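S.K.: Here is the input, now give the coordinates:
(4 chains)
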Number of protein chains: 2
Amino acid sequence: MELDALSDALRLAVDPPSGIGVAELQDLVRGDSEEEWDIATAAHHFNISPHALRYYERIGLLSVPRNSAGHRRYDSAAIRRLVFITRMRVSGMAIADLQRYIDLVEAGPDSVPARLDLLMEHRDTLRNQITQLQLSLAATEYKIASYTERPPT
Amino acid sequence: MELDALSDALRLAVDPPSGIGVAELQDLVRGDSEEEWDIATAAHHFNISPHALRYYERIGLLSVPRNSAGHRRYDSAAIRRLVFITRMRVSGMAIADLQRYIDLVEAGPDSVPARLDLLMEHRDTLRNQITQLQLSLAATEYKIASYTERPPT
DNA sequence: CCTTGCGTTGGAGCGCGCTCGAAGCCATAG
DNA sequence: CTATGGCTTCGAGCGCGCTCCAACGCAAGG
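M.R.: Residues are numbered from 1 along each chain as shown, chains lettered A, B, ... in the order given. Below is the predicted model of the structure:
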């Protein structure tokens, strides 16, 4: 089911860092919610610093509305964007690539093929990273075993 | 079999970057080989720059003998150490942690328990990284599918 | 013999991704 | 009414991991 897949993707996107529920996030991402976050709340939920959030905005990765006092209010659009940004960052995408992708998104539907290229490239990078790490894990486990199963050499 | 495990670990350690055979590397690592590498050869086999190799030596990750002309000759001990260093680096271990581990190695057998602690911590880190990346991969594949299976929203 | 090329050293520089400081605004608590 | 604390902006600073530069040495090929 498509909704299940979306649910999974969202779960993956936010489960580890903090305490927000997947259901609530889905509401936010769908735009079903009126809730907006201040910078401290957003920083907490995405497990990054307020400094980093301002930095992302400064370099044009997203734009965030302000309230009457000029304070940032992270609405569902901003939160949706941050879900994507943090996921890509965690998976090792460079900020420059992220910027390229986001520029494509804002360029409209014509950029879909180019976005697909970027995503598929990133997918391959992820697969390679996973393979590398699995090899490293195997080597590390071997080393641990060689220390524990026998007197050290 | 233990030798198979070692073979696997070594294969993992050097196969992707360059063209050296696993068998030859095993010889080198065992100390069975007389072969020594100059810095360019080592850089090539480990797929890093000569600059980085000098840097590793400068910060004390390894020591490398010199020939009569003062040029570095990477012998089997240095190569063995580099196999470990590059594997740990590729798997995301910070250089500072690598230094701590190597200091323990050079402190002698008494440090084995401390080394095990470090290795097990690293193993856990690797497992977490792999999990994260698999989630990112799933999210990316979902996004690709949503672009290709239907008209873009 | 001399050029070409790879090596050496110490130290400075750089790109990335934040991270922090200074100066100031606004709001709520005492 | 004021003080505290969290937010704002702009710009500078920083830690990591290299990366490069300058000045020089040696060595094999033409």
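
S.K.: Please pull out the lowest mean pLDDT helix or strand from chain A.
M.R.: The helix or strand of chain A with the poorest confidence is helix A:2-14; it has a mean of 42 (mean pLDDT, DSSP states H and E).

S.K.: Setting aside sequence neighbours, what's the nearest residue to the residue of chain A found nearest DNA strand C?
M.R.: Nearest residue of chain A to DNA strand C (Cβ to the nearest atom of the strand) works out as A:I95 at 3.2 Å. Yep, even glycine has a C-beta here, placed from its N, CA and C like the rest. Of all residues not flanking A:I95 in the chain, A:I59 sits nearest, at 7.1 Å (Cβ to Cβ, 6 or more residues apart in numbering or on different chains).

S.K.: do the longest helix along chain A and DNA strand C meet at all?
M.R.: Longest among the helix segments of chain A by residue count, using DSSP state H, is helix A:112-148. No: using Cβ under 7 Å from any atom of the strand, helix A:112-148 stays clear of DNA strand C, with a minimum separation of 12.9 Å.

S.K.: per-residue confidence for the residue nearest the centre of chain A?
M.R.: Central residue of chain A (Cα atoms, centre = their mean): A:R87, 1.6 Å from the mean position. We note a pLDDT of 92 for A:R87 in this prediction.

S.K.: what about it, which helix or strand?
M.R.: Using DSSP states H and E, the element containing A:R87 is helix A:76-90.

S.K.: and the angle for that helix with helix B:112-148?
M.R.: Between helix A:76-90 and helix B:112-148, the angle comes out at 130 degrees (axes from the mean of the first three to the mean of the last three Cα atoms, to 10 degrees).

S.K.: After helix A:76-90, which helix or strand is next? Please name it.
M.R.: With elements assigned by DSSP H and E, the helix or strand that comes after helix A:76-90 is helix A:95-106.

S.K.: so A:A40 touches A:P50, yeah?
M.R.: Yes: counting by Cβ atoms under 8 Å, A:P50 is a contact partner of A:A40 at 6.3 Å.

S.K.: if you count what's nearby, which of those two comes out ahead?
M.R.: Shown here are A:A40 and A:P50; by other Cβ atoms under 10 Å in any protein chain shown, A:P50 has more neighbours (15 against 11).

S.K.: what sits against the more buried one?
M.R.: A:I39, A:A40, A:A43 (Cβ atoms under 8 Å, 6 or more residues apart in numbering or on different chains).

S.K.: Look up how far chain B lies from it.
M.R.: 23 Å (Cβ to the nearest Cβ, to the nearest Å).

S.K.: next one: A:P109
M.R.: From A:P109 over to chain B the distance is 6 Å, taken as Cβ to the nearest Cβ.

S.K.: What count of nearby residues applies to that residue?
M.R.: Quick note: A:P109 (other Cβ under 10 Å) scores 10 neighbours.

S.K.: same question, the one 10 residues further on
M.R.: Here the number of neighbours of A:L119 (other Cβ under 10 Å) works out to 18.

S.K.: do A:R100 as well
M.R.: 14.

S.K.: cool, A:N128 as well?
M.R.: 12.

S.K.: ok, back up a step: ok, the residue of chain A closest to DNA strand C to B:R66 distance?
M.R.: From A:I95 across to B:R66, the span is 41 Å (Cβ to Cβ, to the nearest Å).

S.K.: Kindly report the same for A:F46.
M.R.: 50 Å.

S.K.: With A:E35 instead?
M.R.: Computed as Cβ to Cβ, the A:E35 to B:R66 distance reads 65 Å.

S.K.: The two: which is more packed in?
M.R.: Set A:E35 next to B:R66 and count neighbours by other Cβ under 10 Å: A:E35 wins out with 13 against 9.

S.K.: which non-adjacent residue is nearest A:D75?
M.R.: A:E36 (5.1 Å).

S.K.: Give me the contact status of stretch A:57-69 with DNA strand C.
M.R.: Yes: remark: stretch A:57-69 sits within contact range of DNA strand C at A:S68, A:A69, by Cβ under 7 Å from any atom of the strand.
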